[in-house]
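J.: Predicted coordinates and the sequence they were generated for:
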Amino acid sequence: MELKLRDDFIKLGQALKAAGLVDSGVDAKIVIQDGEVTVNGEVEMRRGKKLYPGDVVEFDGETIEIVG
């Protein structure tokens, strides 16, 4: 799935929500803190991690590619 940016970047928690993979920011915080989310193949524990075009997020068997 591709997620098109409206700004220069999107934060990880917002990206999960925008892609419909979590229902709320609270849910995003939980799955990120539990180590269930990877960015570019590495576990990312920061909900505020800035994502830019080319970044790839994986969670729950779904892949999100950030595009500009």
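T.: Arrived safely, thanks for sending.

J.: Only the buried residues of stretch 25-33, if you could.
T.: By neighbour count with 16 or more other CB atoms under 10 Å, stretch 25-33 contains the buried residues 28, 31-32. For glycine as for every other residue, the C-beta is placed from the backbone atoms N, C-alpha and C.

J.: Out of those residues, which sit inside helices?
T.: Judged by DSSP state H, helices contain the following of the buried residues of stretch 25-33: 28, 31-32.

J.: Tabulate these in TSV, adding columns for distance to Ala19 and pLDDT.
T.: Shown next, in TSV, are those (distance: CB to CB, whole Å; pLDDT from 0 to 100):
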residue	distance to Ala19	pLDDT
Ala28	10	98
Val31	12	98
Ile32	14	98
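
J.: now the residues you listed in TSV, with distance to Arg47?
T.: What follows is those, written out as TSV (distance: CB to CB, whole Å):
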residue	distance to Arg47
Ala28	6
Val31	10
Ile32	5
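
J.: ok, Lys29 - contacts?
T.: Neighbour list for Lys29: 13, 47 [criterion: CB atoms under 8 Å, 6 or more residues apart in numbering].

J.: actually Glu62, sorry about that
T.: Glu62 makes contact with 1, 19, 21, according to CB under 8 Å, 6+ apart.

J.: leaving aside the residues next to it on the chain, what's closest to the residue most central in space within the chain?
T.: In the chain, the residue lying closest to the centroid (CA atoms, centre = their mean) is Leu12, at 3.8 Å. In space, Leu12 comes closest to Lys49 once its chain neighbours are excluded; the distance is 4.3 Å by CB to CB, 6 or more residues apart in numbering.

J.: doesn't Gln14 make contact with that neighbour?
T.: No: using CB atoms under 8 Å, Lys49 is not in contact with Gln14; the gap is 10.4 Å.

J.: Break down this protein into its helices, ranges please.
T.: Assigned by DSSP H, the helices in the chain fall at 12-18, 25-33.

J.: In CSV: those helices, plus distance to Val57.
T.: Formatted as CSV, the helices of the chain follow (distance: least, CB to CB, whole Å):
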stretch, distance to Val57
helix 12-18, 6
helix 25-33, 10
